[in-house]
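Engineer: give me a 3D structure for the following:
(chains A and B)
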Amino acid sequence: MDMLCAGSKIAYFRIERSVSSTRSHRIDLEYWTLQMGAVAGARDRDSFMRLYDHFMPRLVMYLRGLGSEEMVAEELAQEAMLRLWQRAAAFDAERGHVSTWLFRIARNLRLDRQRKEPWWLPVQDGWDALDAELDGHVGAKQRESPEAFAEGKELQRRLDRLPAIQARLLRMSYLESKTHQEIAIELDMPLGTVKSTLRRAFLKLQTTMTHQP
Amino acid sequence: MNPQHHLDPASLTSYASGAMPEALAVVAATHLDACTHCRRLLRDAESIGGTLIEQQQDCAAELPRLRGLRDAMLSMLEQPDQSTARVTTLAGSEPPIHQPDTDQLPAPLRPFFGETFAGLRWRWVAPGIHRINVPDARGGKLFMLKIAPGKSMPVHSHSSGELTQILRGAYDDLLGHFGPGDMADLDSAIEHQPVTAPGQACICVAALDAPLRFRGWFARALQPLVGM
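Structural biologist: Predicted structure coming up:
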């Protein structure tokens, strides 16, 4: 699974060049948030296409991994990216990174189109509006606090350091869309153990303890 | 409404991942709708998904149609840019979503149960207990219960996956007091005997996981033998 896929070196080179830095091509949260700022503020197409080139293949891979046919995965990913362009003004970096926003919209689009669960999209829109109101800043906010970047990087580090079984269960949940029961059957593991393992993983990853009342 | 009993982190990750069976996800969403605390934790759970997507290898070269999709996207960007303005004005002018003390059902329930409490068509099950079943939620049983005030329920434990969200009224059990907005996300190990509070009927929405289904021909062949 850790093998580089074909052509990734070319993509690596392309992204590195666009970032104009020698840093790792792994997440550069600050960079992508800046691009979002340019998309929202100046409707900058170049910035948007940089986001597109980075995230579009990843969204297609994600959706394909969940069992969507190639064409469907591409359509849904394209729609998710278009929504990012259309709704850039409402994007709030304080409430999550671009990757999280795209994950959420891709998940909701897939549940809407493929599993015929149309309530996810309107319910999410309602929460976005409500949370913007509760946080006291309706509308655009592209700048992100240093704490939020630190949290994002800390999350990557913690994911990398997770015990193998916790990482595996998280991947089965997020990247294979397996229910607790399905995980229990596949790994021949008691359901209670599946739940407690996921619970431990979440608590370990949770870096935004400041959110709690 | 300030919920005191919340979703288990395991349920939050299941909801965030989109893997949770729809029946359970509707009940989880009803709690999230009422609970800013859990909505913030949900963002954390969703950021795990975002990070996992980000950490995938870039396989752009494996997607032969990507070039065409990219061109299609570029031409869409050329089109007049109306949607952004629309979204912005919407966000600024929309009335508050939560209007407490109304007869309206929480948003996630409306596609399944209708718009209002007054419009619910309850069916008698037993003295003091009414129920509404939803046939069309995927992956489990979704239903609402109305239990008369001051009623003691039989002692019971919970099946593998069960979520209960209190909408009106309240009940007490060994885990404490459960009022409007509270979520009972209980381990199957827990055996309890809820007693509804006096005064108002307790209305809750609940979901049960579908029974285990084995995959593959061998397991399916075994299924009748093990009574699944």
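Engineer: where does the chain dip in pLDDT?
Structural biologist: Defaulting to chain A. Applying pLDDT under 70 to chain A flags the ranges A:1-27, A:136-151, A:207-213.
Engineer: I was after chain B.
Structural biologist: Ranges of chain B meeting pLDDT under 70: B:1, B:81-101, B:158-160, B:188, B:211-228.
Engineer: got the CA coordinates for whichever helix in it runs longest in CSV?
Structural biologist: In terms of residue count, the longest helix belonging to chain B (DSSP state H) is helix B:36-55. Output of helix B:36-55 as CSV, limited to C-alpha atoms (Å, rounded to 0.1, in the frame of the first residue of the first chain):
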residue,chain,number,x,y,z
THR,B,36,-22.9,22.5,19.6
HIS,B,37,-20.5,20.4,21.8
CYS,B,38,-20.9,17.3,19.6
ARG,B,39,-20.9,19.4,16.4
ARG,B,40,-17.4,20.7,17.3
LEU,B,41,-16.3,17.2,18.0
LEU,B,42,-17.7,16.2,14.7
ARG,B,43,-15.5,18.7,13.0
ASP,B,44,-12.5,17.0,14.6
ALA,B,45,-13.8,13.6,13.4
GLU,B,46,-14.2,15.0,9.9
SER,B,47,-10.7,16.5,9.9
ILE,B,48,-9.5,12.9,10.3
GLY,B,49,-11.2,12.2,7.0
GLY,B,50,-9.6,15.3,5.4
THR,B,51,-6.2,14.3,6.6
LEU,B,52,-6.6,10.7,5.3
ILE,B,53,-7.6,12.0,1.9
GLU,B,54,-4.7,14.4,1.9
GLN,B,55,-2.3,11.6,2.9
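Engineer: distance from the chain centre to that helix, please.
Structural biologist: Centroid separation for helix B:36-55 versus its chain: 16 Å, with C-alpha atoms, centre = their mean, to the nearest Å.
Engineer: give me the buried positions along that helix.
Structural biologist: Within helix B:36-55, the residues scored as buried using 16 or more other C-beta atoms under 10 Å in any protein chain shown are B:36-54. C-betas here are computed from N, CA, C, even on glycine.
Engineer: near chain A, which of those show up?
Structural biologist: With C-beta under 8 Å from any C-beta of the partner chain as the criterion, the buried residues of helix B:36-55 include B:36-37, B:39-41, B:43-54 near chain A.
Engineer: the longest helix of chain B packs against which elements?
Structural biologist: Counting contacts by 3 or more C-beta pairs under 8 Å, 6 or more residues apart in numbering or on different chains; DSSP states H and E, helix B:36-55 is packed against helix A:45-65, helix A:98-113, helix A:120-134, helix A:146-160, helix A:164-174, helix A:191-205, helix B:9-17, helix B:22-34.
Engineer: what's the angle from it to helix B:9-17?
Structural biologist: Helix B:36-55 and helix B:9-17 are oriented at 60 degrees to each other (axes from the mean of the first three to the mean of the last three C-alpha atoms, to 10 degrees).
Engineer: from residue A:156, how far off is the residue in chain B that chain A sits nearest to?
Structural biologist: Per C-beta to the nearest C-beta, residue B:61 is where chain B lies closest to chain A, at 2.3 Å. To residue A:156, residue B:61 is 24 Å away according to C-beta to C-beta, to the nearest Å.
Engineer: what's the answer for residue B:41, then?
Structural biologist: Note on residue B:41: its distance to residue A:156, by C-beta to C-beta, is 19 Å.
Engineer: next one: phi and psi at residue B:169?
Structural biologist: Torsion angles at residue B:169 (phi, psi; degrees, to the nearest 10) stand at phi 70, psi -160.
Engineer: next up, phi/psi of the closest residue in space to it that isn't next to it in sequence, please.
Structural biologist: With sequence-adjacent residues excluded and distances taken as C-beta to C-beta, 6 or more residues apart in numbering or on different chains, residue B:169 is closest to residue B:202, at 3.5 Å. Backbone torsions of residue B:202, given as degrees, to the nearest 10, read phi -90, psi 120.
Engineer: contacting residues around residue B:202?
Structural biologist: Applying C-beta atoms under 8 Å, 6 or more residues apart in numbering or on different chains to residue B:202 gives the contacts B:145-147, B:149, B:166, B:168-171, B:196.
Engineer: please apply the same query to residue A:98.
Structural biologist: Taking C-beta under 8 Å, 6+ apart as the criterion, residue A:98 is in contact with A:32-33, A:35-36, A:51, A:55, A:84, A:91, B:50.
Engineer: is stretch B:114-125 anywhere near chain A?
Structural biologist: No: figure legend: stretch B:114-125 not in contact with chain A (C-beta under 8 Å from any C-beta); closest approach 13.4 Å.
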